[in-house]
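# coords below, sequence missing:
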Ligand code: SF4
Ligand code: SF4
């Protein structure tokens, strides 16, 4: 496989972004819907506004977007966007809707762990997706570009699918037998035993939508996180691949300087090198490269 191309910009002036767009070979057309995928839960990076303006000046219709948090009120994410400085003239869209249930199901071609992926519909409606990533760490390991694509762009049900066994579990001691979970479940996954008045989840029927969790008045239903970090990282790499197979995409990473590429795997490998990450943190990039989804070998050009 050819080396990936990464473009680096030390100075972030307003004219940097048109040059980055051109270096990446992006064709920005009039009225093109461009989703700038950010993390509403983190402070707005300074590059978001000039990137937005550079796209708007070329006639595109850019918007800032993120998907809802996996558990809890979906509108928390929009409130966080306002708190974190994203709402400043640029449209902010919750990609998977105000209930976190608005998503498109797309195939994972060549996936070893998953067959399909669920992405926020606003992202799927976009003509181009540009991710803006500030590398960080989570309890599952490194959060780079693949993480932003594979988990950040995933709708609530997708996030659940990637990070958990996919089916919630009921704590029978907490269950008060109200039956709300069974009533709200559209798939026959949540069931209430009429004799014991205790609920349970029937995995073959459960789609992992997590509605029952939100309906339970005593928080007796919770996700089952009992899977390995490697499994999670490989799943999110497959999600990222599915999205990039389906949509035109480009990626910006903020490290010692700004780096841009069409190859998220190459950018994650660059992050691993710059941040001296341990091997275990790089499972997503390794799995992506094994699926021929990008390469960890890149050449960097200063612009
Ligand atoms: S997660 Fe969704 S499909 Fe599964 S039991 Fe709960 S409501 Fe039903
Ligand atoms: S909603 Fe909660 S408390 Fe009510 S039956 Fe289901 S698990 Fe039990």
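Sure, I can see it. Keep in mind the model is a prediction, meaning the values are calculated, not measured. Ligands and ions are numbered 1, 2, ... in the order given.

# The helix or strand of the chain with the lowest mean pLDDT: how far from the chain's middle?
The weakest-scoring helix or strand in the chain, judged by mean pLDDT, DSSP states H and E, is strand 136-138 (a mean of 81). Centroid separation for strand 136-138 versus its chain: 14 Å, with Cα atoms, centre = their mean, to the nearest Å.

# Going by neighbour count, which residues of that strand are buried?
Residues of strand 136-138 include none that count as buried (16 or more other Cβ atoms under 10 Å). (Each C-beta comes from the backbone N, C-alpha and C, glycine too.)

# same thing with stretch 115-126?
Quick answer for stretch 115-126 (16+ other Cβ under 10 Å): 117-124, 126.

# could you dump the residues you listed to JSON lines with pLDDT, secondary structure and distance to ligand 1?
As requested, the buried residues of stretch 115-126 are arranged in JSON lines below (pLDDT from 0 to 100; DSSP: H, G, I helix; E, B strand; the rest coil; distance: Cβ to the nearest ligand atom, whole Å):
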{"residue": "117", "pLDDT": "96", "secondary structure": "strand", "distance to ligand 1": "17"}
{"residue": "118", "pLDDT": "96", "secondary structure": "strand", "distance to ligand 1": "13"}
{"residue": "119", "pLDDT": "97", "secondary structure": "strand", "distance to ligand 1": "18"}
{"residue": "120", "pLDDT": "97", "secondary structure": "strand", "distance to ligand 1": "18"}
{"residue": "121", "pLDDT": "97", "secondary structure": "helix", "distance to ligand 1": "19"}
{"residue": "122", "pLDDT": "97", "secondary structure": "helix", "distance to ligand 1": "22"}
{"residue": "123", "pLDDT": "98", "secondary structure": "helix", "distance to ligand 1": "22"}
{"residue": "124", "pLDDT": "98", "secondary structure": "helix", "distance to ligand 1": "21"}
{"residue": "126", "pLDDT": "98", "secondary structure": "coil", "distance to ligand 1": "27"}
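
# what lines up beside the least confident helix or strand of the chain in the sheet?
With DSSP bridges as the test, strand 136-138 is paired with strand 141-143 (antiparallel).

# Let me see the mean pLDDT of the top helix by length along the chain.
Longest helix in the chain by number of residues, with DSSP state H as the criterion: helix 229-246. What helix 229-246 shows for mean pLDDT is 95.

# Run through the strands of the stretch 1-150 of the chain in chain order.
In the stretch 1-150 of the chain, the strands defined using DSSP state E, counting those that start in this stretch lie at 4-9, 33-37, 61-66, 92-94, 103-107, 116-120, 128-133, 136-138, 141-143.

# tell me how far the fourth one is from the chain's mean position?
Going by Cα atoms, centre = their mean, the spacing between the C-alpha centre of strand 92-94 and its chain's C-alpha centre is 14 Å.
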